[in-house]
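Enquirer: Okay, sequence plus prediction incoming.
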Amino acid sequence: MKKGFQYIYGPVPSWRLGSSLGIDLLSQAEKICNFDCLYCQIGQVKEYASERKVYVPVKAVIEELQKLPETNIDYITFSGRGEPTLAANLGEGIKAVKLIRKEPVAVLTNGSLMGMDEVRKEIISADFVVAKLDAHSPESLQSINRPVKGVEFGNIVEGIKVFRKSYKGKLALQMMLIDNNRNDVNKLIYLANYIKPDEVQVNTPLRQCSVRALSKEDIFKIKNNFLDACAGIQVVSVFDERDGKDIVSLSDEDTLKRRGKVK
C-alpha cells in the first residue's frame with residue numbers, strides 16, 4: 001500500500017470507463033449524499049446532505065495527482081464516497097485536473113442537482129458525464145433512490161435534458177435495474193428517447209447490497225429492448241464481454257470504502 005493518498009483512489013477496472021482513477025472531493029468518514037438508494041454499495045445514509053459546500057480543497061487533490069506513480073489510466077473520474085456535485089468546488093477541480101493531466105475527465109452523478117444552472121456549468125468541462133436515472137416517476141424516485149426532501153423527479157429529468165442541449169462531451173444515462181423497476185423498462189426507454197443521451201448503461205447491482213441483482217439473461221433482454229427502441233443511442237450493459245486489464249489500485253482499502261469492491 002502506498003501512503004499519502006487521501007483524495008484519489010484506484011485505478012479500478014470499470015466496465016464503463018476502462019482503467020478509472022477516482023477523485024473524491026467529498027472524502028469524509030461517512031458518505032455525503034442526498035440519495036439513499038436501495039442498492040448503494042457503501043451503505044445507508046446516516047444523515048442526508050442537501051447543500052453544496054467545499055469538503056476538500058482542490059489544491060490538496062492536485063498535490064496528490066502530482067505524486068501519482070506512472071500507471072495506465074483511461075479516465076480520471078470524479079465520484080467517491082457520495083454525490084460529487086455536492087462539492088461546491090467540483091468545477092474548479094475538473095478544470096485544475098485538465099490543466100495537469102492528459103487523460104479525459106469523467107463525472108459520475110446521481111443527477112439530483114442537474115436542475116441547477118451552476119452545477120450544469122461546472123460539469124460541462126468534463127469529457128464524459130454519467131447521470132443516474134433509475135426512476136420513471138416521482139413515486140419510483142422515492143421508492144428506489146429515497147432522496148432528501150426537496151429533490152424532485154421532474155427537476156432531475158429536465159436538468160439532464162437541458163444539459164444535453166448544450167453539452168459537447170459524451171453523456172450517458174446509467175439505469176440500475178432491480179425488482180422495483182424491472183417492469184417499467186418502457187417508461188425508462190421513453191425517458192432515454194426524451195433526453196437523447198449518447199449512451200444508455202443498463203446496470204444491476206453486482207456489488208454487495210441489500211437488494212437482488214437481475215440475472216444476466218434479464219439484463220440482456222432489457223438491453224435489447226433499449227436497442228430496439230432507442231435509435232441512435234449506444235446501449236451497453238454490465239454483463240457485456242470486455243477485455244480484462246491488469247489494474248493495481250493505489251490502496252485496496254481506500255478504494256473499497258468508496259466503491260464497494262476493488263476489482
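Expert: It's in. Residues are numbered from 1 along each chain as shown.

Enquirer: what's around residue 118, how many residues?
Expert: Residues near residue 118, counting by other Cβ atoms under 10 Å, number 12. Where C-beta positions appear, they are placed from N, C-alpha and C, glycine not excepted.

Enquirer: So it, which state does it fall into?
Expert: Assigned by DSSP: H, G, I helix; E, B strand; the rest coil, the conformation of residue 118 is helix.

Enquirer: Mind pulling up the pLDDT for residue 5?
Expert: We have a pLDDT of 88 for residue 5.

Enquirer: Wait, it touches residue 63, no?
Expert: No: here residue 5 lies out of contact with residue 63, judged by Cβ atoms under 8 Å, at a distance of 10.3 Å.

Enquirer: Residue 178 is in contact with residue 206, isn't it?
Expert: No: in this structure, residue 178 is not within contact of residue 206 by Cβ under 8 Å, at 11.5 Å.

Enquirer: Those two: which is more packed in?
Expert: residue 178 (19 against 15).

Enquirer: OK, contacts around that one?
Expert: 38-39, 134, 144, 204-205, 211-214 (Cβ atoms under 8 Å, 6 or more residues apart in numbering).

Enquirer: Residue 210 versus that one, what's the distance?
Expert: 10 Å (Cβ to Cβ, to the nearest Å).

Enquirer: Which one of the contacts of residue 178 sits in the busiest neighbourhood?
Expert: The member of those that has the most neighbours, counting by other Cβ under 10 Å, is residue 134 with 26 neighbours.

Enquirer: ok, that residue - contacts?
Expert: 37, 140, 144-145, 175-178, 181 are the contacts of residue 134 under Cβ under 8 Å, 6+ apart.

Enquirer: can we see that at 6 Å?
Expert: Under the criterion of Cβ atoms under 6 Å, 6 or more residues apart in numbering, the contact list for residue 134 reads 144, 175-176.

Enquirer: what do you get for residue 74?
Expert: Here residue 74 is in contact with 17-19 (Cβ under 6 Å, 6+ apart).

Enquirer: redo that, cut-off 8 Å
Expert: Here residue 74 is in contact with 17-20, 103-104 (criterion: Cβ under 8 Å, 6+ apart).

Enquirer: What are the contacting residues of whichever helix or strand residue 186 is part of?
Expert: Element membership for residue 186 (DSSP states H and E) is helix 185-195. Helix 185-195 is contacted by residues 133, 136-137, 157, 160-161, 164, 173, 175, 177, 181, 200, 222, 225-226, 229-230, 233 when judged by Cβ under 8 Å, 6+ apart.
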